[in-house]
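[1] Sequence plus predicted model, see below.
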Amino acid sequence: MKKYSAFPYVIWTFLFILLPLLLIGYYSLTVKNSQTGELVFSLANYVNLFNPLYLKVFLNSVYLAGIATVICLILGYPMAMIISKMKHSQTVLLLFILPMWMNFLLRTYAWMAILGKNGFINQLLSLFHVQMELLYNNNAVLLGMVYNFLPFMVLPIYTVLVKMDKSLIEAAYDLGCTPWRTFRKVIFPLSLPGVISGVTMVFMPAVSTFVISDLLGGGQSVLIGNLVQEQFMKVNNWSFGSAISVILMLLILMFMTLLHRIDRKYEGGTK
């Protein structure tokens, strides 16, 4: 049997994963000396994160990402169940994810045309002499998150449900379980790996997005992603932007660790 060297994979991992992380970590621990212009070691970037203004942005980002994840789960789980039971489920799933083939930016811009003052919804409401401010608030950002990230919740749950052993569900019914009890005791625990994958795939991009909050929030809803973009692209403060990125990565790692523990808990059969 032919053996393959692991050297190319080590190089790839170092260049595209470890090296960027090391650079971000290095910049996050440095500040520019006002006199010499050189970078010197300092924890000032992390201390600056405790500013109430930045803490508010972090909390708002986690709050909106959490709400978007819950909404996606509430909408996505029944949707995945319905699609998995259809005769031509793969075709229906393809139609469901078809909008994802369109550019992310264009999909978000489309909602600006729908929610704007002269958009489709307000034109309908104008027939009843009603005008609403649907753009440039947290609700618009939340809507954009749910719309863009809902397929990421449906796909992993559908994959688990479609492969589930249907004889277990039949056995539950034969033993006298009601549909709700069968779902709670059999279907949901077995589909939990898909749920956890979906929650992770929705929460991570939602908590770090900046395009949705820029376009649909209009600067009124600032998220962590907006802070990072601003520090790198506008303020040119790479050190503080790197520190925010490190905290964001730690936040995501903590979230993934929590979900992994929940998964292991249910995998072991405990409740």
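    Received, thanks. Numbers count the residues shown, from 1 in each chain.

[2] Show me the strands in the stretch 1-150 of the chain, by range?
    Taking DSSP state E, counting those that start in this stretch as the test, the strands found in the stretch 1-150 of the chain are 30-32, 39-41.

[3] Make a markdown table out of those and add mean pLDDT, mean neighbour count and distance to Pro179.
    Backbone N, C-alpha and C define where each C-beta goes, glycine included. Output for those, formatted as a markdown table (pLDDT from 0 to 100; neighbours: other Cβ atoms under 10 Å; distance: least, Cβ to Cβ, whole Å):
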| stretch | mean pLDDT | mean neighbour count | distance to Pro179 |
| --- | --- | --- | --- |
| strand 30-32 | 87 | 18 | 59 |
| strand 39-41 | 86 | 12 | 62 |
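
[4] Any chance of these in JSON lines with distance to Asn48 as columns?
    Below are the strands of the stretch 1-150 of the chain laid out as JSON lines (distance: least, Cβ to Cβ, whole Å):
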{"stretch": "strand 30-32", "distance to Asn48": "10"}
{"stretch": "strand 39-41", "distance to Asn48": "15"}
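
[5] So which of those strands is nearest Val199?
    Nearest to Val199, of all these, is strand 30-32, at 35.1 Å by Cβ to Cβ.

[6] Off-centre distance for that closest one?
    From the chain centre to the centre of strand 30-32 is a distance of 31 Å (Cα atoms, centre = their mean, to the nearest Å).

[7] other SSEs contacting it?
    strand 39-41, helix 238-267 (3 or more Cβ pairs under 8 Å, 6 or more residues apart in numbering; DSSP states H and E).

[8] Just name the most buried of the ones you listed.
    helix 238-267 (a mean of 16; mean count of other Cβ atoms under 10 Å).

[9] OK, contacts around the nearest residue to Trp238 once chain neighbours are set aside?
    Among residues not flanking Trp238 along the chain, Tyr27 sits closest, at 5.2 Å (Cβ to Cβ, 6 or more residues apart in numbering). Residues in contact with Tyr27 (Cβ atoms under 8 Å, 6 or more residues apart in numbering) are Leu39, Trp238, Ser239, Gly241, Ser242.

[10] so how far is Tyr46 from the last one?
    Using Cβ to Cβ, to the nearest Å, we find Ser242 at a distance of 10 Å from Tyr46.

[11] joint contacts of the two?
    Overlap of the contact sets of Ser242 and Tyr46 (by Cβ under 8 Å, 6+ apart) consists of Ser28.

[12] how distant is the longest helix anywhere in the chain from the center of its chain?
    Determined from DSSP state H, the single longest helix within the chain is helix 52-85. Mean-position distance between helix 52-85 and its chain equals 8 Å (Cα atoms, centre = their mean).

[13] Helix or strand with the lowest mean pLDDT in the protein?
    Using mean pLDDT, DSSP states H and E, helix 7-13 stands out as the lowest-scoring helix or strand of the chain, at a mean of 82.

[14] Excluding chain neighbours, what is closest to Leu39?
    Thr30 (4.1 Å).

[15] That neighbour and Ser42: what is the separation?
    Distance from Thr30 to Ser42, by Cβ to Cβ: 6 Å.

[16] How about Leu127?
    As judged by Cβ to Cβ, Leu127 and Ser42 stand 60 Å apart.

[17] Kindly report the same for Phe50.
    Note on Phe50: its distance to Ser42, by Cβ to Cβ, is 15 Å.

[18] mind listing the helices for the stretch 101-250 of the chain?
    104-115, 120-126, 138-162, 166-174, 179-182, 188-208, 211-215, 224-229, 238-267 (DSSP state H, counting those that start in this stretch).

[19] helices or strands up against the second one?
    Contacts defined by 3+ Cβ pairs under 8 Å, 6+ apart place helix 120-126 against helix 104-115.

[20] Settle this for me: Val202 is touching Thr69, isn't it.
    Yes - if you go by Cβ atoms under 8 Å, Val202 and Thr69 touch, sitting 4.8 Å apart.

[21] Common neighbours of these two, please.
    Joint contacts of Val202 and Thr69 (Cβ under 8 Å, 6+ apart) are Met153.

[22] where does the protein have low pLDDT?
    Of all residues in the chain, those with pLDDT under 70 make up the ranges 1-5, 266-271.

[23] What are the buried residues along stretch 62-70?
    Val62, Leu64, Ala65, Gly66, Ala68, Thr69 (16 or more other Cβ atoms under 10 Å).

[24] I appreciate the help and will end here.
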